[in-house]
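Trainee: Predicted model follows, preceded by the sequence.
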Amino acid sequence: MSPESTLSRREFGLTSLGGLALSPLFASQPEWSRMPWTGPAVVRKAYVAVPKPTWPRPTIEIERTRAELEARLSEVEKKNPGVVRFTGGELVRTMEEAAAWVKAPGADEADGNLVITITSGSDGMVNAIGRSGLPTLLFLRPYAGHAWATFSAFAQQGNKADVLASSNFDDLDLYMRIFYTSHQMRRSKVIIVLPGDRRDRQSEEFSRQFGTVFQYLTYSDLKAAYDAVDEREAAREAERFTRGSLRVVEPSPEKIRRALRFYLGVKDLLRREQANCITIDCLGGINRGELPGYPCVAWSKLDDEGLYGVCQADLQCTMTQLMLTPLTGKPGYVFNPVFDTSRNEILHTHCVAPTAMQGIGGPHSPYIVRSHLETHDGVSLQVLMPIGEKVTVSKFEHPRRFMVSTAEVTGNVESDMGCRTQIRTRVKDARKMLANFKGGVHRVTYYGDYTDAIEKMGRLLGFEVVYEM
């Protein structure tokens, strides 16, 4: 292979999904579709109008308007099957009714609120619903009142709120995906494995912000899961994995079997614990001899399936993936940046990389079976990723601050330095990013430009979005 691969996405046989995926995110096996985080987001609707309208006109027929809106929102729901399920739809006309609506039975089971104003004078009622603490979207068509002014200020104070002022109901589709993402984050469980009794203090902060559950397990739990896997099943999985590759370079068949046995064991552990995500101190566990197999292949395969395996107990990158994969329908690629300011480039390098970067359930990029480069042992993937694509690069610095930038992928790189999978990217200003870099070395890459969606999600889920360059 040449040092710089210039294979295009066409040569890969890959098809760009373009924009946001419209289908819900499920792992491929049927048993995963019944887990707590699956299913559509539950969004409560409330129509708000004062008892005696003036704006947009005194003679507006409130019930007729509500019925028309119900029909249009029913179309939105049908367009987003498995992504959103609407409930409610009551007419709210006083502050007392707004307070009662917020506290109605079953209200705490919703993932968010959709408030639709019909008249002016509805500001107080809209804000009362927003103070429920659930992500609340105010949707108003032209002439449907002025509540956008006070609710926009409410959102700017860091509350989980946003305003959509539009005559086009299609503009709601992105927000339906954001509600779906919030649903996934609220009901997901992340397994963390650290040495001894160490705990990541940010897990509690992320839980308060997004509702995610965190569970700490041990290396002994990983070993037990590995030992429980039938060796013949592991051998069959290893054969499929090897057969699907372009070629095998360093790893022996035995090491490949151990890597795939680890994958099957971890996946079964996730299923038993009803968790969809795992992140561990992998390099530490390898160096201490506490891991029975290298996890690199396991994490790649889990990410390709709509589950999550994340390196080095990096909770910020874990939560980044847990947010952006449901939003985009694509897996994320956690990487170490390598700067070259003379070329205004950043290499994205890591020994763990998904192969379905353009969409879970879609075409896979070709891969070569390699060793883990830093240790020259175990098994990892060298993935030849699509080029000529714009990517979104991001990471939570902490639960209320999210860093984002964009880049263009210009090529795949093969090197005996760094990590196995490497893509070359051109950025807006590598010097500026280097000068202002913070929040740990890792970042997460997603194919496509999702900056607008992330800005909207930041407002609706209550975190600040900061552009790194």
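Mentor: Ah, there it is.

Trainee: List the buried residues for stretch 253-263?
Mentor: Under the neighbour-count criterion of 16 or more other C-beta atoms under 10 Å, stretch 253-263 has K255, I256, R257, R258, A259, L260, R261, F262, Y263 buried. Every C-beta, even on glycine, is put in place using the N, C-alpha and C of the backbone.

Trainee: Report the mean confidence score over that stretch.
Mentor: Stretch 253-263 comes out with an average pLDDT of 97.

Trainee: With stretch 235-249 instead?
Mentor: 98.

Trainee: Ok, stretch 308-322 next?
Mentor: 96.

Trainee: end-to-end on that stretch?
Mentor: 8 Å (C-alpha to C-alpha, to the nearest Å).

Trainee: Can you name the residues in contact with stretch 265-279?
Mentor: 27, 31-32, 35-37, 188-193, 215, 217, 221-222, 225-229, 295, 298, 302, 307-315, 317-318, 321-322 (C-beta atoms under 8 Å, 6 or more residues apart in numbering).

Trainee: Any chance of a ChimeraX selection covering the buried ones in the residues you listed?
Mentor: Buried residues within these, by 16+ other C-beta under 10 Å, are selected in ChimeraX with:
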select :27,32,35,37,188,189,190,191,192,193,217,221,222,225,226,229,295,298,302,307,308,309,310,311,312,313,314,315,317,318,321,322
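
Trainee: Which of the contacts of stretch 265-279 fall in strands?
Mentor: Cross-referencing the contacts of stretch 265-279 against strands under DSSP state E gives K189, V190, I191, I192, V193, Q215, L217, Y308, G309, V310.

Trainee: so what's the second one bridging to?
Mentor: Spelled out, that is V190. Beta-bridge partners recorded for V190 (DSSP bridges): F214, C277.

Trainee: mind checking how far the strand ranked longest in the chain is from the chain centre?
Mentor: Counting by DSSP E, the longest strand found in the chain is strand 401-413. How far strand 401-413 lies from its chain's middle: 16 Å, per C-alpha atoms, centre = their mean, to the nearest Å.

Trainee: Numbering from 31 from now on, please.
Mentor: Renumbered: residue one is now 31, and that last one reads strand 431-443.

Trainee: List the buried residues in the helix or strand following that strand.
Mentor: The C-terminal neighbour of strand 431-443 among helices and strands, as given by DSSP states H and E, is strand 451-457. By neighbour count with 16+ other C-beta under 10 Å, strand 451-457 contains the buried residues T451, Q452, I453, R454, T455, V457.

Trainee: Could I get the pLDDT score of the first one?
Mentor: Residue-level confidence at T451 comes out at 95, pLDDT.

Trainee: ok, it - contacts?
Mentor: Applying C-beta under 8 Å, 6+ apart, the residues contacting T451 are Y363, F365, T379, H380, C381, V382, A383, L411, Q412, V413, M415.

Trainee: any idea which of those has the most stuff around it?
Mentor: For these, the largest number of neighbours (other C-beta atoms under 10 Å) sits with A383, at 31 neighbours.

Trainee: Surely that one and S330 touch.
Mentor: Yes - A383 lies in contact with S330 (C-beta atoms under 8 Å); the separation is 6.2 Å.

Trainee: any common contacting residues for those two?
Mentor: L411, V413.

Trainee: Mind listing the residues bridging to Y77?
Mentor: L121, I146.

Trainee: Would you quantify the distance from it to E139?
Mentor: 20 Å (C-beta to C-beta, to the nearest Å).

Trainee: which one of those two has more residues nearby?
Mentor: Y77 (24 against 9).

Trainee: any idea how far the more buried one is from G175?
Mentor: For Y77, the distance to G175 equals 12 Å [C-beta to C-beta].

Trainee: from memory P66 sits against R217, does it?
Mentor: Yes - using C-beta under 8 Å, P66 is in contact with R217, at 4.5 Å.

Trainee: List the contacts of the nearest residue to K331 once chain neighbours are set aside.
Mentor: Spatial nearest neighbour of K331, excluding adjacent residues (C-beta to C-beta, 6 or more residues apart in numbering): Y293 at 5.5 Å. When contacts are counted by C-beta under 8 Å, 6+ apart, Y293 touches E267, V327, A328, K331, L332.

Trainee: Endpoints of stretch 138-156, how far apart?
Mentor: Taking C-alpha to C-alpha, stretch 138-156 runs 18 Å from one end to the other.

Trainee: Contacts for the helix or strand hosting R216, please.
Mentor: Secondary structure assignment for R216, by DSSP H and E: helix 202-217. By C-beta under 8 Å, 6+ apart, the residues outside helix 202-217 that reach it are 50, 52, 54-55, 66-67, 69-73, 103, 106, 109-110, 113-114, 141-142, 165, 167, 169, 192, 194, 240-242, 349, 352-353, 356-357, 483, 486-487, 490-491.

Trainee: Distance of L354 relative to Q452?
Mentor: For L354, the distance to Q452 - C-beta to C-beta - is 21 Å.
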